[in-house]
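Colleague: Provided below for reference: sequence and predicted model.
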Amino acid sequence: MIFNDESARAQGPFSSFSREHWKKLAARTPLPLTDEDISQLASLGDPIDMNEVDAIYRPLCALLQVYIQGRYLRARARADFLEEDAPVTPFVIGIAGSVAVGKSTVARLLQLLLSRSPHTPRVDLVATDGFLLPNAVLEERGILARKGFPESYDRGALLNFVASVKAGISPLQVPVYSHVTYDIRPDKFTTIEHPEVLIVEGLNVLQPPRTHPGGLGLAVSDYFDFSIYVDAREDDIEQWYVDRFAQLRSTSFQREDSFFRTYAGLSDSEAEATARMVWHAINLPNLYENILPTRERATLIFTKGADHRVESLHLRKE
């Protein structure tokens, strides 16, 4: 499952960097975060500290600024050549990877880092969970157990949203998903208004277009300016999922309105067995069938070790 360093160096569209090489790039950019910022950002079961931020995310943020500024200059040159008065549209970043691999932490960390740059003060983050079909619809279609698979999303609504962002349409409203009730909240929306950067995080954001007779064959990733695939070994991700399940059992699962309320009373061994059953029945098949095959479509792939530290990075060549 791990990206093959040697083959990537020998051939193919990626340049590979060790952790040590990447860390040396950190001196080229400031780090506008505190330890308190990092502790607030960390996802449940996905530890991160200032050393990791300094070694990996500080250079990554600087690299993203290179891409953002490069796109801005190209857009201005295009507008001048065509003699048009067209505003520069938002720079869109996609973040993909397995359940429990740490996508949310990566997304929130990049949002904070980029928003503290004078070039990109308005950075919004959208999780594709908000575009999941309501449970009632999934039940009607008999696919509630396949939540997270491509067919469980309102793909048309997600495509329309990202296309509207790129068209400069604002404001836009995004549905909100509750991980407690395990459903879309019909009474709540997030408003996205004139961002310089939009981060779109989700399992299937790098899915290729679904072509059919008469269809346009568009994919969400067609609107990305940069994309990241968060990779890790299968056994490590499974353990992170089990650890997260155990922590949720003593926190949000305890809530009266939790969809998973019945799991709160499980013993430790029962909880682990249940988590591994769910992983092998749902999350692992989704990873192999739909998520992992999109990895090489990313601009940047980075590989995490068992301790959540990024071990190597693979950047698509220009």
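Modeller: Structure's in. What do you need?

Colleague: hey, let's count contacts and neighbours off CA atoms from now on
Modeller: Will do.

Colleague: All the helices of the stretch 201-318 of the chain, in order from the start?
Modeller: 234-249, 268-278, 284-286 (DSSP state H, counting those that start in this stretch).

Colleague: chain center to the first one, what's the gap?
Modeller: Looking back up the chat, that one is helix 234-249. 18 Å (CA atoms, centre = their mean, to the nearest Å).

Colleague: hang on, the earlier thing: so for residue 304, which of the helices of the stretch 201-318 of the chain sits nearest?
Modeller: The closest of the helices of the stretch 201-318 of the chain to residue 304 is helix 234-249. By CA to CA, the value is 9.0 Å.

Colleague: Show me what that closest one is packed against.
Modeller: With contacts taken as 3 or more CA pairs under 8 Å, 6 or more residues apart in numbering; DSSP states H and E, helix 234-249 sits against helix 268-278.

Colleague: so what does the helix it packs on touch, helix or strand wise?
Modeller: Taking 3+ CA pairs under 8 Å, 6+ apart as the contact cut, helix 268-278 packs with helix 234-249.

Colleague: Quick check: buried residues in the helix it packs on?
Modeller: Buried residues in helix 234-249, counted by 16 or more other CA atoms under 10 Å: 236-246, 248-249.

Colleague: that older thread, dump the helices of the stretch 201-318 of the chain into a markdown table; add distance to residue 223 and mean pLDDT as well.
Modeller: As requested, those are arranged in a markdown table below (distance: least, CA to CA, whole Å; pLDDT from 0 to 100):
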| stretch | distance to residue 223 | mean pLDDT |
| --- | --- | --- |
| helix 234-249 | 28 | 93 |
| helix 268-278 | 33 | 94 |
| helix 284-286 | 23 | 97 |
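
Colleague: Adding distance to residue 39, write these out as a markdown table.
Modeller: Listed next are those as a markdown table, based on distance: least, CA to CA, whole Å:
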| stretch | distance to residue 39 |
| --- | --- |
| helix 234-249 | 17 |
| helix 268-278 | 26 |
| helix 284-286 | 29 |
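
Colleague: so residue 186 sits in a strand?
Modeller: Yes: note on residue 186: a strand contains this position according to DSSP: H, G, I helix; E, B strand; the rest coil.

Colleague: Could you measure from it over to residue 124?
Modeller: 21 Å (CA to CA, to the nearest Å).

Colleague: more neighbours, the two?
Modeller: Using other CA atoms under 10 Å as the criterion, residue 186 and residue 124 rank with residue 124 on top: 21 against 10.

Colleague: so the more buried one is in which element?
Modeller: strand 123-127 (DSSP states H and E).

Colleague: In CSV: the buried residues of helix 234-249, plus distance to residue 71.
Modeller: Listed next are the buried residues of helix 234-249 as CSV, based on distance: CA to CA, whole Å:
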residue, distance to residue 71
236, 36
237, 35
238, 38
239, 39
240, 37
241, 37
242, 41
243, 41
244, 38
245, 41
246, 44
248, 41
249, 45
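
Colleague: what number of residues lie near the spatially closest residue to residue 111 that is not a sequence neighbour?
Modeller: Computed as CA to CA, 6 or more residues apart in numbering, the closest residue to residue 111 that is not its neighbour in sequence is residue 123, at 5.9 Å. As a burial measure, residue 123 scores 23 neighbours (other CA under 10 Å).
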